[in-house]
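1. below is the sequence, then the predicted model.
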Amino acid sequence: MVLKKEFADYLALREKMNLPAPWEISMEDFRSRTLPIRDFIGQPEPIFSIENRIISGPNGYLPIRIYRPSAEPNLPVMLYFHGGGWVIGNMDGNEPTVCSLANKGNFVVVQVQYQKAPEHPFPAPFNDCYAALVWVVRNADHLKIDATKIGVGGDSAGGNLAAAVAIKCRDTSLVELAFQMLVYPCTGNDGSLPSAIKNAEGYGLTSKIMRWFEFQYIGSDSDLLNPYAFPAYCKNLTGLAPAVLVTAEFDPLADDGKLYAQALNAAEVPVVFKEFEGAIHGFNALAGVAPDVAKEAQLYLARSINSFLARL
């Protein structure tokens, strides 16, 4: 399929902005230039309540944000980890997305403001996300959520973190996760995959920038094959939570998601997979650019999650 017009127009606008490459400017400048833009991400839809909290993380205070679709008790919950190459991004940038998911799925969403590389490389962001899951599990009664229906999710680098947390959760027997939601995730670091070559340039996220993000995240070459850093290298995927996994056609990471879905399926993990044709990396958080595509994706994700929850 051809690139959807909404994304082509968005990419043309970004091209006119003439943004420097991240390695050409300071990290502070890069982060300031990539703060969320409402015209791109859209406005969050009304939701019953949003609560900001600080919990104790492995490296200090850990901010979280709790989204409730209603006052109904004992709802399912999803911990959500935002994207941004483990380097940029914040909870504000994904607020329209998580409000929509919470409302459409009728479940609580807990966003996590994990620490960022390169100041805090792997495993710091991963440890923050896992610590947030531990906190939710231990505080299920206080949060008035269903402790048997806890899942994890995220987009891009957040999808990486969600997949990695799901693996550790299985390894530690912390809780039996109800689902994992992986949106155009970075599961490995193989720049030779066909999508990384075919979609290397011209679609927003480039393969070169993706490799740069990975370099910032990994504090040591010894972690390049660590499955908690890159879940594609996990040698045993059996017993993981059911997964809903979506990718974008015009994305360097398209094969990361597709191959991980195939590996999960081979390990007899229930998987629901969909590639969004004509879409680019980040489409799920671009409701201001392509509202119909974002809505379609969020409905698909929410319904897929609820299909897993209905089996419990």
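-> Everything's here; your move. Residues are numbered from 1 along each chain as shown.
2. please count neighbours and contacts with C-alpha atoms only from this point.
-> Noted.
3. Pro44 against Ser100, yeah?
-> Yes - counting by Cα atoms under 8 Å, Pro44 touches Ser100, with 7.4 Å between them.
4. helices of the stretch 1-150 of the chain, start to end?
-> 5-17, 27-33, 38-41, 95-105, 124-138, 140-143 (DSSP state H, counting those that start in this stretch).
5. again, but for the stretch 201-312 of the chain
-> Counting by DSSP H, counting those that start in this stretch, the helices of the stretch 201-312 of the chain are 207-217, 254-266, 291-309.
6. would JSON lines of those helices with mean pLDDT and distance to Val112 be doable?
-> Output for the helices of the stretch 201-312 of the chain, formatted as JSON lines (pLDDT from 0 to 100; distance: least, Cα to Cα, whole Å):
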{"stretch": "helix 207-217", "mean pLDDT": "98", "distance to Val112": "17"}
{"stretch": "helix 254-266", "mean pLDDT": "98", "distance to Val112": "22"}
{"stretch": "helix 291-309", "mean pLDDT": "98", "distance to Val112": "19"}
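7. my guess is Gly41 meets Gly93, correct?
-> Small correction: residue 41 is Ile, not Gly. Yes - between Ile41 and Gly93 there is a contact under Cα under 8 Å: 6.9 Å.
8. give the intersection of the neighbour lists for the two.
-> Between them, Ile41 and Gly93 share these contacting residues under Cα atoms under 8 Å, 6 or more residues apart in numbering: Ala285.
9. how close does Leu3 sit to Pro194?
-> 18 Å (Cα to Cα, to the nearest Å).
10. related to what we said a few turns ago, may I see the helices of the stretch 1-150 of the chain organised as TSV, with mean neighbour count, distance to Ala248 and mean pLDDT added?
-> As requested, these are exported to TSV (neighbours: other Cα atoms under 10 Å; distance: least, Cα to Cα, whole Å; pLDDT from 0 to 100):
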stretch	mean neighbour count	distance to Ala248	mean pLDDT
helix 5-17	14	12	96
helix 27-33	13	24	97
helix 38-41	17	17	97
helix 95-105	23	16	98
helix 124-138	21	24	98
helix 140-143	14	34	96
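11. wait, which of those helices is closest to Leu312?
-> Proximity to Leu312, assessed across the helices of the stretch 1-150 of the chain by Cα to Cα, is greatest for helix 95-105 (15.6 Å).
12. which helices and strands does that closest one pack with?
-> Packing partners of helix 95-105 (3 or more Cα pairs under 8 Å, 6 or more residues apart in numbering; DSSP states H and E): strand 60-68, strand 108-112, helix 291-309.
13. change it to 10 Å
-> helix 38-41, strand 60-68, strand 75-81, strand 108-112, helix 291-309 (3 or more Cα pairs under 10 Å, 6 or more residues apart in numbering; DSSP states H and E).
14. now the fourth one and helix 95-105, what's the angle there?
-> Looking back up the chat, that one is strand 108-112. 160 degrees (axes from the mean of the first three to the mean of the last three Cα atoms, to 10 degrees).
15. that older thread, looking at the helices of the stretch 201-312 of the chain, spot the one closest to Asn139.
-> helix 291-309 (20.1 Å).
16. what's the burial count for Gly257?
-> Other residues within reach of Gly257 by the criterion other Cα atoms under 10 Å amount to 28.
17. returning to what we had before: would a markdown table of the helices of the stretch 1-150 of the chain with distance to Tyr80 be doable?
-> Below are the helices of the stretch 1-150 of the chain laid out as a markdown table (distance: least, Cα to Cα, whole Å):
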| stretch | distance to Tyr80 |
| --- | --- |
| helix 5-17 | 25 |
| helix 27-33 | 21 |
| helix 38-41 | 17 |
| helix 95-105 | 8 |
| helix 124-138 | 9 |
| helix 140-143 | 16 |
